[in-house]
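>>> generate a structure from the sequence data that follows.
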Amino acid sequence: MKPPIYYLSHRDTLWLPFRREITDPLDPAALGWPARFRHVANLQVSSLEAAYVLTQHLDRAWWLNPGVVLHAESRSTSVGDVLVDAAGAAWAVAPLGFVQVAAKDHSSPAERGEDQGQKNRTSCSSQKIKPRGGQDVSR
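Residues are numbered from 1 along each chain as shown. Next up, the predicted model:
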């Protein structure tokens, strides 16, 4: 069985105003979601953590990694970039982990007609946050 697809969107500029502790869903307006973002890739991976690792320039350009369907060459994934999971939940990359972007509906690029087959130091006590560390990030 194939892992789910995550839709990766990079912000048009790097975004750093995260507080050290985030316990509530992130306000999409504060992040500029989705207006200031560009859909850069679809990722076939098992988790948010795996998606983050997959989209880092390590020994080669991240878009050359297996499991990536590239829509636009881009930098490595950074704080403030957004991943939309198969259930439609949007997750912003935080300094340590991920924080959910508040909204009832985050349509995927495919649902918006954009997918055309083109080439913590956060508070983990909140159920809206997923940590990056301590989990298997295998693809």
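>>> name the SS class of residue 98, please.
Assigned by DSSP: H, G, I helix; E, B strand; the rest coil, the conformation of residue 98 is strand.
>>> can you get me a residue count around it?
25 (other C-beta atoms under 10 Å). Backbone N, C-alpha and C define where each C-beta goes, glycine included.
>>> wait, it touches residue 92, no?
Yes. Taking C-beta atoms under 8 Å as the definition, residue 98 is a contact partner of residue 92 at 6.6 Å.
>>> so where's the chain uncertain?
Low-confidence segments of the chain (pLDDT under 70): 1, 15-25, 103-139.
>>> what comes up buried for stretch 53-68?
53, 54, 55, 62, 63, 65, 67, 68 (16 or more other C-beta atoms under 10 Å).
>>> helix/strand/coil for the fifth one?
Looking back up the chat, that one is residue 63. helix.
>>> which residues touch the host helix or strand of residue 39?
Here residue 39 sits within strand 37-44, counting by DSSP states H and E. Residues from elsewhere that reach strand 37-44 (C-beta atoms under 8 Å, 6 or more residues apart in numbering): 2-12, 51, 54-55, 63, 67-74, 81-83, 109, 114-115.
>>> try it again at 7 Å.
The contact list for strand 37-44 (C-beta atoms under 7 Å, 6 or more residues apart in numbering) reads 2-3, 5-12, 51, 54, 63, 67-72, 74, 82, 109, 114-115.
>>> what segments of the chain are strands?
All strands of the chain, identified by DSSP state E, fall at 5-11, 37-44, 68-70, 82-84, 90-94, 97-100, 129-130.
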